[in-house]
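Q: Any chance you can model this:
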Amino acid sequence: MALLILGLGNDLLGDDGIGLLAADVLESRDILGIKVVKSPLSGLYLVELAEGFDDLVIIDSIVGDTPGKVVQLKLSELGPRIVPSAHYLGLPEALELAKRSGLRMPNRVAVVAMQIGDSQVVGSDVSDHVREGLPTLVEEVLKLVQQWGYEVRPEARRELFR
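A: Numbers count the residues shown, from 1 in each chain. Sure thing, here's the model as predicted:
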């Protein structure tokens, strides 16, 4: 089994960078011994990153009423996106198109997201509410990958936020 953990976000937009921060934590501790990638990209641009993996966990932010709250979503729950261009596809549509084109795409895809406020300011830092939720976000990713059958080394888990 091959797993990709994909941290998404834009570190220039404050709280939107939480997926990148979570990926940094997981990557820095080599906690899973698996591939962890950070990206500011979306939609079709992510197909190349996901190709060849059996499973995909996406870590991202999502606009919500409770900044810092962690939620887990299935890809099917994201639904189609209304976008300003016919040339853009959201991630669910992009992965489906890739599968139909014969590319090897992950069979299991989950999104572990942290709620952020709806205003994002260029050049701002991650807010306290969101930064305080980072350990919970990382822990939810670890729980999920264990449920999927991947090993998480206990000693590495204890050292996550030291």
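Q: buried sites along the longest helix out of those in the chain?
A: When the chain is scanned for its longest helix (criterion: DSSP state H), the result is helix 134-147. Within helix 134-147, the residues that count as buried by 16 or more other CB atoms under 10 Å are Leu134, Leu137, Val138, Glu140, Val141, Leu142, Leu144, Val145. In this view, the C-beta of every residue, glycine as well, is placed from N, C-alpha and C.
Q: quick one: pLDDT of the third one?
A: Val138 is assigned 93 on the pLDDT scale.
Q: my read: Val47 touches Leu95, true?
A: Yes. Counting by CB atoms under 8 Å, Val47 does reach Leu95; the two are 6.8 Å apart.
Q: quick one: secondary structure of the most centrally placed residue in the chain?
A: The residue lying closest to the centre of the chain (CA atoms, centre = their mean) is Ile59, at 1.6 Å. Following DSSP: H, G, I helix; E, B strand; the rest coil, we place Ile59 in the strand state.
Q: Checking my notes, Leu95 in a helix, right?
A: Yes. Per three-state DSSP, Leu95 lies within a helix segment.
Q: so it touches Arg104, yeah?
A: No. Judged on CB under 8 Å, Leu95 makes no contact with Arg104 at a distance of 11.2 Å.
Q: Have a look at the two and say which one is more surrounded.
A: More crowded of Leu95 and Arg104, by other CB atoms under 10 Å: Leu95, with 23 against 13.
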